[in-house]
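Asker: Let's see this in three dimensions:
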Amino acid sequence: MKLYDKSGNTMVEVYKLERRGDDLVMQTNILESMPVDVYVKPAEFWRFLRMAMKSGVIGYVPAFFCKAWARRNQKPVTKEAPKPKAGAKPAEAPKAAPPPSKVETPAPAVVKDAAPLAPGEYDIAIVGAGNNGLIVGAYLAKAGLKTCVLESRDFIGGGVVTREATVPGFKHDLGATAALWIDQNPIIKNDELGLVKKYGLKFLPIPEVQEVIIFPDDRNITIYHDLDKTCASIEKISPKDAEQFRKYVEWATPFFKPVLRGSNMPPAPFGSFITMLSGSSKGQELIHTMFSSAYDAVNDWFSSDEMKIAATRWAAQARVSPYESGTAEGIEFMAPYSVLYGAKAIEGGAGRFTEILGQAIKDFGGEIRTNARVKQVLIRDNKAEGVVLDSGETVRARKGVVMGLNIKQIFPAMVTDAKLPDGFVKNVQALKPQRVQYMTIHLAMNNAPKYKAGGDVDRGFQVQTFPTANFQEFMDGLTEMYRGKAKWGSPGIICSTIFDPTRAPEGKHTLWVAHQEPYYVEGGPEQWDKIGEEVCDKILATIRQHTTNMDDANIIAKKFLTPLEYSRWDESWIDGEPSHIGGYLTQYMSNRPLPGWSGYKMPVDSLYLCGPSTHPGTGLNAGARAPANVIMKDLGIEFDKVI
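Answerer: Below is the predicted model of the structure:
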């Protein structure tokens, strides 16, 4: 028996069913990668079958298996289950459920309340028009709910915006720029909102040269969208590490799919999830990785300093120290992702995604209001009933309020009338940001960079330089930065116009440069107003060391944003933090934002949370599809029928 999600992907395969004493044992394969034996009572099995036939299995299945494992304390199992007693006849497994039909079902009419909506009243109010708030708004509006999205700034998109920030005609992504795995999310993969077919959202072809890591002498490691070519590049540095990287990708790939799919659904309870994983050898390996540091992982797998730097940077890009427990998973995810899937870009800029979402909301009957800053959630009998704007205007929402803000903005300042659990506010305020944030530089240029390294480097989607080829010096430099020292030797560089000429006038180019920097720089955050220009110039000087044409004559105009400026640009980015809260193991998966509050529902009735404060965190990943699903379920709307 196989259970599918609506995309036709196998969630769980039950390949054998037998009785052991009073229990039934389901020998299963979860997400096509983890063999697990699940012990259940007969009544639980039949309840599982009944639930599996209904829509919503994508959310039900993980919870079922986690609960089943949480009630048992079984020894780790192998792929071969114990043989039944002589003469015992195993029960026949039910017939396999067919994949869901690909025929589109028209969205159902939402059941209307007896009383019509009053002027200025909505079913749902969404606070924050970042990409997450817009995603929730589009799904709910498509479901027929009268939806209002409220944005404090004069534009929508949050950190996913494309603007002519330097001179007219040059389009710059001021926040997110790369589209990582969003195309694997059903919002795009199944085009659930019509963003691709109806509105023309276009993903550019995956660049063959994904990443280039350049060392001081211009030797480099090139990560291709091809494992063989990547290993050939590594072999020039270390034949042994080329072989090890191949083994690493082969080892990590089975874990990649569950992590990728897990970003599209509410997280299972952390303890139960760990208990379930412990039931198979592969699951135990994943547990080990989840609690390991990137520093330990690269020392276990690789021998050359250059390869250790190249691998550790995947973890360090999350802006958490590679010494931290849990950071090894960043390498485990990104290594197979880069060579098997690959990062890509959206034609016209990342902001096209949020622009199109805004249009879709309006076409579905929703409303978006800019310059509408919310100061308070309207609460009665501990139920959210709307919001109050800075202007004093009340926007009522009789079915719910969805907050796309930083959880620290909301609790307690915006919910003063709420009755919150003991310790909740204290725990919210104790949430930690990442260790460092971003400084970005945006250039309008005559020509694309020409790198001294030669070869395929000029075709790299992302190029990153490093001031050292010594691994311990690299780690020491990160530690200095985490302690407040401004740095300029490791810029990440993307020239999007190589792949997307629509972003600049004919023959011209744009450059997106990002460098991790401490918000709490030596002397305090306000120092960024004094040193920003100097640090910007030093970062550009680093790029010039590795290129032949990045002189002043090639640069038409520039704009830079420091961590302090980002905190002013978006008030949800407290301390310049686009992730709202850090991606530490204690603030990850079902611990995000807090243990017990990872299901997008807050401790006020009809108050929901979406965005970077929730699972799966920051980035252009369409993670807000999951809270949209949860909200519809609470309102009695069948998500599958809507899409």
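
Asker: wait, residue 432 sits on residue 587?
Answerer: Yes. The criterion here is Cβ atoms under 8 Å, and residue 432 meets it with residue 587 at 7.0 Å. Yep, even glycine has a C-beta here, placed from its N, CA and C like the rest.

Asker: Between these two, tell me which one has more neighbours.
Answerer: Looking at residue 432 and residue 587 with other Cβ atoms under 10 Å, you find the greater number of neighbours at residue 587, namely 23 against 12.

Asker: what about the residue lying closest to the more buried one once chain neighbours are set aside, how many residues close to it?
Answerer: Nearest-residue entry for residue 587: residue 581, 5.3 Å, with adjacent residues in sequence omitted and distances by Cβ to Cβ, 6 or more residues apart in numbering. By the criterion of other Cβ under 10 Å, residue 581 has 25 neighbours.

Asker: just residue 608 next, same as before
Answerer: If you count neighbours by other Cβ under 10 Å, residue 608 ends up with 24.

Asker: Report the contact partners of it.
Answerer: Neighbour list for residue 608: 400, 401, 402, 403, 600, 601, 602, 627, 630, 631 [criterion: Cβ atoms under 8 Å, 6 or more residues apart in numbering].

Asker: Kindly report the same for residue 134.
Answerer: Contacts of residue 134 were listed using Cβ under 8 Å, 6+ apart, and they are 149, 156, 157, 354, 357, 358, 361.

Asker: same check, this time on residue 216
Answerer: Applying Cβ under 8 Å, 6+ apart, one finds that residue 216 lies in contact with 466, 467, 468, 469.

Asker: and if we set it to 7 Å?
Answerer: Shown here is residue 216, whose contacts under the criterion Cβ atoms under 7 Å, 6 or more residues apart in numbering are 467, 468, 469.

Asker: now these as TSV including pLDDT and secondary structure?
Answerer: TSV is the format used below for these (pLDDT from 0 to 100; DSSP: H, G, I helix; E, B strand; the rest coil):
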residue	pLDDT	secondary structure
467	98	coil
468	98	coil
469	98	coil
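
Asker: Count the residues that sit near the closest residue to residue 572 other than its chain neighbours.
Answerer: Ranked by Cβ to Cβ, 6+ apart and with sequence neighbours excluded, the top spatial neighbour of residue 572 is residue 406, at 4.3 Å. Residues contacting residue 406 under the criterion other Cβ under 10 Å number 27.

Asker: again with the one 4 residues further on
Answerer: Neighbour count of residue 410, defined by other Cβ under 10 Å: 21.

Asker: Against residue 149, how distant is it?
Answerer: 17 Å (Cβ to Cβ, to the nearest Å).

Asker: and what of residue 614?
Answerer: For residue 614 relative to residue 149 (Cβ to Cβ), the value is 17 Å.

Asker: For these two, work out which one has more neighbours and name it.
Answerer: Set side by side, residue 614 and residue 149 show more neighbours around residue 149, with 32 against 27, by other Cβ under 10 Å.

Asker: partners of residue 384 in the sheet?
Answerer: Beta-bridge pairing for residue 384 (DSSP bridges): residue 379.

Asker: residues touching it, list them.
Answerer: Residue 384 is in contact with 377, 378, 400, 401, 604, 605, 606, 607, counting by Cβ under 7 Å, 6+ apart.

Asker: Could you do residue 127 as well?
Answerer: Taking Cβ under 7 Å, 6+ apart as the criterion, residue 127 is in contact with 150, 374, 387, 401, 402, 403, 404, 405.

Asker: same thing with residue 200?
Answerer: By Cβ under 7 Å, 6+ apart, the contact list for residue 200 is empty.

Asker: on that earlier part again, of the contacts of residue 216, which qualify as buried by neighbour count?
Answerer: Of all those considered here, the ones buried according to neighbour count by 16 or more other Cβ atoms under 10 Å are 467, 468, 469.
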